[in-house]
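Undergrad: How does the following fold in three dimensions:
(chains A, B, C and D)
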Number of protein chains: 2
Amino acid sequence: MAGKSLSYKKKIIKQLYFSNLLSCAELSIKIEKSLSLTTKMLNELISEGIVVETGYAPSSGGRRPLMYTLKTDIFYTVAIAMDQFFTRIAIMDMRNNYINKVEKFELRLADNPDALHVLTNRIEEVITQSGISKNKIAGIGIGMPGFVNVQEGANYTFLQTSGESITEHIFKKTGVPAFIENDSSIVALAELRFGAARNRKNAMVINIGWGVGLGMIMDGELFRGENGFAGEFSHIPLFNNGKLCSCGKSGCLETETSLFVIVEKAKAGIQAGRVTALKQLISGKEEHLERDAEAIINSAGKGDRFAIELLSEAGYNIGRGIAILIHLLNPGIVVLSGRGALAGKIWQAPIQQALNEHCIPRLSVNTEIALSALGYEAELIGSAALVMEKYGEVIKKPAKKDNVKSRTISFKGIS
Amino acid sequence: MAGKSLSYKKKIIKQLYFSNLLSCAELSIKIEKSLSLTTKMLNELISEGIVVETGYAPSSGGRRPLMYTLKTDIFYTVAIAMDQFFTRIAIMDMRNNYINKVEKFELRLADNPDALHVLTNRIEEVITQSGISKNKIAGIGIGMPGFVNVQEGANYTFLQTSGESITEHIFKKTGVPAFIENDSSIVALAELRFGAARNRKNAMVINIGWGVGLGMIMDGELFRGENGFAGEFSHIPLFNNGKLCSCGKSGCLETETSLFVIVEKAKAGIQAGRVTALKQLISGKEEHLERDAEAIINSAGKGDRFAIELLSEAGYNIGRGIAILIHLLNPGIVVLSGRGALAGKIWQAPIQQALNEHCIPRLSVNTEIALSALGYEAELIGSAALVMEKYGEVIKKPAKKDNVKSRTISFKGIS
DNA sequence: GGCCATTTATTAAGTTATGAATTAATAATA
DNA sequence: TATTATTAATTCATAACTTAATAAATGGCC
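TA: Model prediction:
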């Protein structure tokens, strides 16, 4: 039947999602099929009401190309961003616009056997409330902390399941295919597809938060390593400081650079009598950690010398880590992202200092350092991108030995 | 014409080179074409005298597969391994057998503007002497030290050319396509295709020699980074020892682990009155560096405590570097290769010790540590593999860059 | 202003590759 | 020992895809 033709249509949809506006010639190159075939597919997609023409783009010395884009109300993604304490759920259209208000709620992941059920129910609720028919939803993408095994759809740290995987569980309950990824990788995916690393071949995306995460783009693809554990930047052994890390080892990069450590250092400095505006702003109570971290970032932005010193010191050490990344992986760009990236240009000087001291110039000269502009949205955008990344791929489910069930992600509209 | 069909035939030849013996069904999977097409291509290759049947392989529960292999006297590769002082040239058949004696000659790369001409002439000589017709040579593969740009066919450190690239120059003079690679990458390629990392998806190959090189296999492919500089393991900043490195920085991994440093430490120890068999074996003169290094490795093998101590210390520090690799890249296997790997099991204990101290167990238990068995042949085998790796490759025009402006804030100073 | 090289789009004609059917040969099973 | 399930190899009609020819529209250049 039209099996192949369907798959090419999905490839076109995927490309239009990631690039928004493309000509027939561009599409032909991207899906690696001939122009004639691409034309045919495009015309069918138009008559099916999935793709629309948007007029002519400026010429670069030849006939002007007719541009095509996706109709926004045909497909949607469910994008979910989780951290250890809070979870956000959004429904997005094919241009990454939120369809409704982003649903944010508290959901503790550590030692919470009920977390997966709560999550699944919330997903159901959000979909139902949106009024969008499930066959219009391309999939559910979830970014979460912990050791995530993408193939198995499992998380070895949180959301323990019995028997079936996380993705299977959500698929069974909601009827919509689900995909999970590590939070740092999802941020890297967002930067690769819609952010500072857009269309880059080799990018390192550093996620400065309670830890220091790393998402790696290599040869244009998200790299996850043999078991899905790649990118444990936080725990590379870099110091002889004897400080115990949450991972059980000592001297990890995280022990000198995470926002958590920075807040601790701020408290110690205040106690030691440092003159700083932070004295009034930091409570030091554990439940105010988030607020305290923000206070330090803000104060540094306003010129508080102690706050700047704290961030500079962390920045220098992150820079040492980046120097290692550059030597080993020769990325074209390093993107600073995540909550901590809000401190913006304050990172610039100390990181540059570290690179000057620790990088072979030939390497550092070829690497651009950039700040993310996606901010808090990065994880949600990445989750949506994750869904569309998988769109049109055949998912094989190894059921009981004999039966290998497969299901392509498809929609009533075009199947 | 038979353009496509030709390209598929080359793919089949390539697969048969790397796997030696394959059935039609296996080939069909490897070249990702249907069984029917594969059958047709195979039959044509047989009637062209390139491929031969070798009889039936044991069955695994069905009809026995007819196995195919390459005729050995149809194609050859010219494999070249260079270091800073010596160059080896070999001609190999499709089973990596040497056709003639390996040609080894002195060729200093540093400050030698004549090096490329000498090399090219020697290649010509070797091919002529072999009596093999040039149209039977699939290509010339060269592994060399320095910063190698594979796409441009250039080496930024040695073999400077004017105008045309190294590979262009050799192609013009010999009429045979040439390919170059960094020496550490070429060793990794050898381990991936014919050595300890065979068929592995994610492998780190460590080349212990005058420096400490690294070749990286990621997702089944050699990884070279944005500019071809990836794998500068030797120069990651790991120590606060203040020791100046050849790269101009201080504290590089190399300053505590290279064979050069180990010899220096041996000399210092002897002077300080250490009881060791090395006292008689080490001359300390710079021209005997190679012999001295061998003496230390041999003495350690014979149980000399000082020699073992020297290697153990270096091994521990290499282990610290490996711990970083494991955290960042989650490889399935780490292979110790190169001249220094001859010390064999002496490395194992200190490296393991370092991993125990500096690795998150979940990561290190998933990584195998192995010793190379290819030894001195690795670079030549890798060079031959490089040729066949490129064999039959279609050169595509790079897709047009999207002119989408990203909302990136770049650090002007850094880029 | 007019020619030419480029780029894009469309269609018909021709080529290529595939699925389904078929034959063959084995291991596992009953 | 016969039966069944697997795996392998082959062939051929036809669906799938590309090439080549054609046309249209533009910028750059003399």
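Undergrad: Can you tell me the element the residue of the stretch 151-300 of chain A found nearest chain B falls in?
TA: Proximity of the stretch 151-300 of chain A to chain B (Cβ to the nearest Cβ) peaks at A:Gly225, 2.8 Å away. Backbone N, C-alpha and C define where each C-beta goes, glycine included. Counting by DSSP states H and E, A:Gly225 is held by no secondary-structure element, helix or strand.
Undergrad: what residues are up against it?
TA: Taking Cβ atoms under 8 Å, 6 or more residues apart in numbering or on different chains, we find A:Gly225 in contact with A:Gly231, B:Asn202, B:Leu329, B:Asn330, B:Pro331.
Undergrad: Just the pLDDT at the first one, thanks.
TA: When you say that, I think you mean A:Gly231. pLDDT for A:Gly231: 94.
Undergrad: Show me the strands in the stretch 301-415 of chain A, by range?
TA: Under the criterion DSSP state E, counting those that start in this stretch, the stretch 301-415 of chain A carries strands at the ranges A:333-337, A:368-371, A:394-398, A:404-408.
Undergrad: what do you get for the stretch 151-300 of chain A?
TA: Counting by DSSP E, counting those that start in this stretch, the stretch 151-300 of chain A forms strands over residues A:154-155, A:178-182, A:203-208, A:212-218, A:221-223, given from the N-terminal end onward.
Undergrad: highest average neighbour count across those strands?
TA: Comparing the strands of the stretch 151-300 of chain A by mean neighbour count (mean count of other Cβ atoms under 10 Å in any protein chain shown), strand A:203-208 ranks first with a mean of 29.
Undergrad: for the record, mean pLDDT for that strand?
TA: Averaged across strand A:203-208, pLDDT comes to 94.
Undergrad: low-confidence ranges in the stretch 1-150 of chain A?
TA: Low-confidence regions of the stretch 1-150 of chain A, defined by pLDDT under 70, span residues A:1-3.
Undergrad: what residues does it put near DNA strand C?
TA: A:23-26, A:35-36, A:39-40, A:60-66 (Cβ under 7 Å from any atom of the strand).
Undergrad: Would you mind finding the longest helix in chain A?
TA: Ranked by residue count and defined by DSSP state H, the top helix of chain A is helix A:305-329.
Undergrad: so how many other residues sit close to A:Thr128?
TA: When neighbours are defined as other Cβ atoms under 10 Å in any protein chain shown, A:Thr128 has 10 of them.
Undergrad: likewise A:Asn97?
TA: The number of residues packed around A:Asn97, counting by other Cβ under 10 Å, is 10.
Undergrad: is it true that it touches A:Asp73?
TA: No - under the criterion of Cβ atoms under 8 Å, A:Asn97 makes no contact with A:Asp73, lying 10.8 Å away.
Undergrad: one step back: and the residues of the stretch 1-150 of chain A next to DNA strand C, which of them are in helices?
TA: Using DSSP H, the members of these that fall within helices are A:Cys24, A:Ala25, A:Glu26, A:Leu35, A:Ser36, A:Thr39, A:Lys40.
Undergrad: how about these, which pair is most distant?
TA: Checked with Cβ to Cβ, those reach their widest spread between A:Glu26 and A:Lys40, with 16.3 Å between them.
Undergrad: neighbour-wise, which of these two wins?
TA: Set A:Glu26 next to A:Lys40 and count neighbours by other Cβ under 10 Å: A:Glu26 wins out with 20 against 14.
Undergrad: Chain B versus that one, what's the distance?
TA: Distance of A:Glu26 to chain B, given as Cβ to the nearest Cβ, to the nearest Å: 7 Å.
Undergrad: Between which two of the residues of the stretch 1-150 of chain A next to DNA strand C is the distance greatest?
TA: Greatest spatial distance among these (Cβ to Cβ): A:Lys40 and A:Gly61, at 26.7 Å.
Undergrad: As a markdown table, the strands of the stretch 151-300 of chain A with distance to A:Glu357 would be great.
TA: Conversion of the strands of the stretch 151-300 of chain A to a markdown table gives the following (distance: least, Cβ to Cβ, whole Å):
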| stretch | distance to A:Glu357 |
| --- | --- |
| strand A:154-155 | 38 |
| strand A:178-182 | 31 |
| strand A:203-208 | 18 |
| strand A:212-218 | 19 |
| strand A:221-223 | 27 |
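Undergrad: now for these, which one comes closest to DNA strand D?
TA: Comparing those against DNA strand D with Cβ to the nearest atom of the strand, the closest turns out to be strand A:221-223 (22.5 Å).
Undergrad: What pairs with that closest one, parallel or antiparallel?
TA: Each strand paired with strand A:221-223, and its direction, by DSSP bridges: strand A:212-218 (antiparallel).
Undergrad: quick one: the strand it pairs with to helix B:305-329, angle?
TA: Here the directions of strand A:212-218 and helix B:305-329 differ by 80 degrees (axes from the mean of the first three to the mean of the last three Cα atoms, to 10 degrees).
Undergrad: chain center to strand A:212-218: distance?
TA: A distance of 10 Å separates the C-alpha centroid of strand A:212-218 from that of its chain, computed with Cα atoms, centre = their mean, to the nearest Å.
Undergrad: hmm, who's touching that strand?
TA: Counting contacts by Cβ under 8 Å, 6+ apart, the residues touching strand A:212-218 from outside are A:182-189, A:191-192, A:197, A:200-207, A:222-223, A:230-234, A:253-254, A:257-258, A:318, A:321, A:325, A:329, A:331, A:338, B:218-219, B:223, B:328.
Undergrad: from these, which would you call buried?
TA: The neighbour-count test (16 or more other Cβ atoms under 10 Å in any protein chain shown) marks A:182-189, A:191-192, A:197, A:200-207, A:222-223, A:230-234, A:253-254, A:257-258, A:318, A:321, A:325, A:329, A:331, A:338, B:218, B:223, B:328 as buried among these.
Undergrad: per-domain residue ranges of chain A.
TA: A:3-70, A:76-186+A:378-414, A:198-373 (automatic domain parsing).
Undergrad: Generate CSV for those domains, with distance to B:Leu45 as supplementary columns.
TA: Formatted as CSV, the domains of chain A follow (distance: least, Cβ to Cβ, whole Å):
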stretch, distance to B:Leu45
domain A:3-70, 26
domain A:76-186+A:378-414, 31
domain A:198-373, 31
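Undergrad: Return the most buried member of those domains.
TA: domain A:198-373 (a mean of 21).
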